[in-house]
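J.: Following is a predicted model, sequence given first.
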Amino acid sequence: MINFKAIRDAIFSGMNKSLEPQAIEANQASYKPDYPFYTVLFAVPNQGFSPHTGVYDNESTAESLKQHRRGQEKMTLSVSSFSDEGADALQNAYNAAEWFAWKGYEYLKENGIIVIRIEQIENRDVLKEDEYERRYGFDVHLRVSSQSTIETDEWIEEIEFKE
């Protein structure tokens with residue numbers, strides 16, 4: 001299991017302690033701060049599973065069997081900088097990308113999140129009625145640990161074997 005809430009909290013905590021302006025979760029209809037601000041979106045929350053990858057181990061007692069799987073999962077964040085000025089949006093996007101590459105890399109690593117790659121910064125402007133909302137953004141690829149447990153109390157008591 002991936003603890004998405006803990007990952008989200010670590011990312012927002014780190015960004016909001018180190019960067020100006022404020023970072024918020026993307027696609028919130030109820031809250032939008034004044035310009036400038038950042039949004040962060042789990043664009044690809046899990047890049048898929050391959051069966052039987054990871055590390056497996058068993059823990060058995062007389063009453064039950066627990067099977068544990070530990071793995072390294074990949075995900076992609078989309079980070080966007082919003083402003084009413086194009087140069088501000090671009091500068092803030094650059095500052096955020098640099099944070100993920102250096103200070104944020106160390107901070108996130110301490111929280112069990114590894115930055116694998118930071119994609120190029122791209123223009124993401126949107127025309128809203130008669131004006132453009134200035135946006136620049138990039139994607140960040142991360143690796144995080146996951147752990148799952150399955151417990152069973154069903155046992156095979158005996159089997160028949162024919163040669």
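T.: That came in fine, so what should we check first? Numbers count the residues shown, from 1 in each chain.
J.: Just the pLDDT for the nearest residue to residue 64 once chain neighbours are set aside.
T.: Nearest-residue entry for residue 64: residue 153, 4.7 Å, with adjacent residues in sequence omitted and distances by Cβ to Cβ, 6 or more residues apart in numbering. Just so you know, the C-beta spots here come from the backbone N, C-alpha and C atoms, and that holds for glycine as well. With respect to pLDDT, residue 153 scores 74.
J.: Would you check that residue 153 makes contact with residue 66?
T.: No: the criterion here is Cβ atoms under 8 Å, and residue 153 misses it with residue 66 at 10.3 Å.
J.: quick one: which of those two has more around it?
T.: Neighbours around residue 153 and residue 66, counted as other Cβ atoms under 10 Å, are more numerous at residue 66. The numbers are 13 against 8.
J.: Correct me if wrong: residue 83 contacts residue 134.
T.: Yes: Residue 83 is within contact range of residue 134, at 4.9 Å (criterion: Cβ under 8 Å).
J.: residues bridging contact with those two, i.e. touching both?
T.: Counting by Cβ atoms under 8 Å, 6 or more residues apart in numbering, the common neighbours of residue 83 and residue 134 are residue 89.
J.: Output the contacting helices and strands for the particular helix or strand that has residue 10 in it.
T.: Following DSSP states H and E, one finds residue 10 within helix 4-18. With contacts taken as 3 or more Cβ pairs under 8 Å, 6 or more residues apart in numbering; DSSP states H and E, helix 4-18 sits against strand 23-25, strand 37-44, helix 86-101, helix 103-110, strand 113-118.
J.: again, 10 Å this time
T.: Packing partners of helix 4-18 (3 or more Cβ pairs under 10 Å, 6 or more residues apart in numbering; DSSP states H and E): strand 23-25, strand 37-44, strand 65-83, helix 86-101, helix 103-110, strand 113-118, strand 131-152.
J.: Is it possible to get TSV of the ones you listed that adds distance to residue 56?
T.: Shown next, in TSV, are the helices and strands packed on helix 4-18 (distance: least, Cβ to Cβ, whole Å):
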stretch	distance to residue 56
strand 23-25	34
strand 37-44	25
strand 65-83	5
helix 86-101	32
helix 103-110	25
strand 113-118	22
strand 131-152	10
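J.: Can you check which of these gets nearest to residue 16?
T.: Taking Cβ to Cβ as the criterion, strand 23-25 is the member of the helices and strands packed on helix 4-18 that comes nearest to residue 16, at 5.6 Å.
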